[in-house]
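K.L.:
Quick one: sequence plus predicted model below, questions after.
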Amino acid sequence: MSGPRDLRRGRKPFERPCDPKEVIGDKSYFTFEPFGQGFALNVHRRGYPVQTILVKTEGELNRERRRLSDEGLIGLNRGAI
């Protein structure tokens, strides 16, 4: 046996598909995805409307992601979900 098993489903717990809402709950988070020539960052802060930040390069995207992570937000990659 190569790890703990979820016997109710017959699979390892980490093999289950990940639902972002199940993982992060009611915490603030941001998502990023390709948009036109650049990328769109959608910031979901608890208690506030969604804020969209458009960036043109991957460098700008990384700076914004780092800033949001430093503020305590959780980052989700929409392309991977």
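P.N.:
Yep, it's here.

K.L.:
Strands of the protein, start to end?
P.N.:
Under the criterion DSSP state E, the chain carries strands at the ranges 29-35, 38-44, 51-55, 74-77.

K.L.:
could you dump those strands to CSV with mean pLDDT and distance to residue 61?
P.N.:
Placement of C-beta: from N, CA and C, glycine included. Listed next are these as CSV, based on pLDDT from 0 to 100; distance: least, CB to CB, whole Å:
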stretch, mean pLDDT, distance to residue 61
strand 29-35, 88, 6
strand 38-44, 92, 5
strand 51-55, 94, 5
strand 74-77, 81, 11
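
K.L.:
Tell me where the model's unsure across the protein.
P.N.:
Applying pLDDT under 70 to the chain flags the ranges 1-26, 78-81.

K.L.:
redo that, cut-off 90
P.N.:
Residue ranges of the chain with pLDDT under 90: 1-29, 31-35, 45-47, 71-81.

K.L.:
and of the strands of the chain, who's closest to residue 68?
P.N.:
Comparison of the strands of the chain against residue 68 by CB to CB identifies strand 29-35 as nearest, at 5.1 Å.

K.L.:
could I have that closest one exported to PDB, CA atoms only?
P.N.:
The C-alpha coordinates for strand 29-35 follow below in PDB (Å, rounded to 0.1, in the frame of the first residue of the first chain):
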ATOM      1  CA  TYR A  29      -8.800  34.600  -3.000                       C
ATOM      2  CA  PHE A  30      -7.800  35.600  -6.500                       C
ATOM      3  CA  THR A  31      -7.800  33.800  -9.800                       C
ATOM      4  CA  PHE A  32      -5.800  34.500 -12.900                       C
ATOM      5  CA  GLU A  33      -6.400  33.500 -16.500                       C
ATOM      6  CA  PRO A  34      -5.200  34.400 -20.000                       C
ATOM      7  CA  PHE A  35      -7.200  37.400 -21.400                       C
END
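
K.L.:
coming back round to it: distance to residue 66 and mean neighbour count for the strands of the chain - can I get that in a markdown table?
P.N.:
Output for these, formatted as a markdown table (distance: least, CB to CB, whole Å; neighbours: other CB atoms under 10 Å):
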| stretch | distance to residue 66 | mean neighbour count |
| --- | --- | --- |
| strand 29-35 | 11 | 17 |
| strand 38-44 | 12 | 18 |
| strand 51-55 | 12 | 14 |
| strand 74-77 | 10 | 14 |
